[in-house]
Every structure is written in structure tokens, then in C-alpha cells.
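Colleague: need coordinates for the following:
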Amino acid sequence: MLLLRRRSALCFALAFLAGSLLPAFATEMSFPFGSELVLDAQPLPGSKRVPMVEIEASGDASFYLWCASARGSANVAGDTISIVPTTALPSQCTADQISRDADLLAQLSQVTGWHRQGDEVDFVGATTLRFRLMTN
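Modeller: Got it, this is the predicted structure:
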């Protein structure tokens with residue numbers, strides 16, 4: 001009888017521990033809506049800016065590119081994602097910066113999937129773009 005009580009207590013403790021860890025694991029693997037995602041890249045020479053993306057649960061998306069910014073929408077379902085930039089905001093960018101921004105928006109438009117590991121979120125498409133969650 002004592003052995004049965006110990007096993008029951010152990011099962012209860014394991015079930016409690018698993019129940020408390022599952023929400024944290026699910027949060028770490030879910031899409032980080034409302035978070036700033038910074039492109040895993042170095043700033044361009046002469047600049048401190050690195051592109052960022054922010055996607056809300058409502059589907060609204062903001063893109064802060066190498067120079068300019070844009071708005072659009074994103075649809076996240078499971079491990080799939082579609083991104084549609086729609087509105088470029090006015091900026092005073094050079095032709096080279098405009099070209100880099102257009103290339104990045106084109107790459108984001110071709111994204112079809114995503115996966116997350118900790119603070120890293122990869123957007124997968126014709127090119128894989130790695131972003132990091134801002135955690136400061």
C-alpha cells in the first residue's frame with residue numbers, strides 16, 4: 001500500500017510539472033504577434049538601422065526597412081504565413097537604399113512558412129530570412 005501511495009504521489013507531481021511547463025513551451029513555439037522582429041543582419045556602412053518587422057494578431061503588419069518604412073498585412077495560420085506589403089511611407093532614401101528596401105519587400109512577399117526556435121523566427125520562402133525577437 002505504501003508503494004502505491006508513493007507511485008501515486010510521483011505521478012501527481014509529474015503531471016503537475018508537465019502541466020506547468022506546457023504553456024511556456026507552447027508560448028515559445030507560437031508566433032510572436034505584436035513583437036518587434038529584427039532581421040539577423042549587420043547595419044549597412046554609415047548606418048545603425050537594421051530592418052524590423054512587427055505583425056499584429058489582427059493581421060496588420062509594419063515593416064521598417066533599411067531606409068524607408070511600409071505597412072501591409074500578414075496572415076499566419078499554423079506554420080504558414082503570407083505577407084503583403086501595401087503602403088510605402090515617404091522617406092528621403094538614396095537610389096541604393098530604395099533598391100535594398102524593394103529587394104527585402106520582395107523577399108518578404110515570397111515567404112510561405114515560418115518556424116520559431118526560442119528568440120529566432122525564420123521566414124521561409126525563396127530565401128530564408130532569420131529574425132530575432134527584441135528582448136530588451
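Colleague: okay, CA-based contacts and neighbour counts for the rest of this
Modeller: OK.
Colleague: what strand or helix carries the residue most central in space within the chain?
Modeller: Residue closest to the mean C-alpha point of the chain, counted by Cα atoms, centre = their mean, is residue 121 at 4.5 Å. According to DSSP states H and E, residue 121 maps onto strand 120-124.
Colleague: ok, back up a step: hmm, the residue nearest to the centre of the chain is touching residue 113, no?
Modeller: No. Residue 121 lies out of contact with residue 113 (Cα atoms under 8 Å); the separation is 10.5 Å.
Colleague: part of a strand, is residue 105?
Modeller: No. Looking at residue 105 with DSSP: H, G, I helix; E, B strand; the rest coil, it is helix, so not inside a strand.
Colleague: and it, how far is that from residue 118?
Modeller: 25 Å (Cα to Cα, to the nearest Å).
Colleague: same check on residue 127?
Modeller: Taking Cα to Cα, one finds residue 127 at 21 Å from residue 118.
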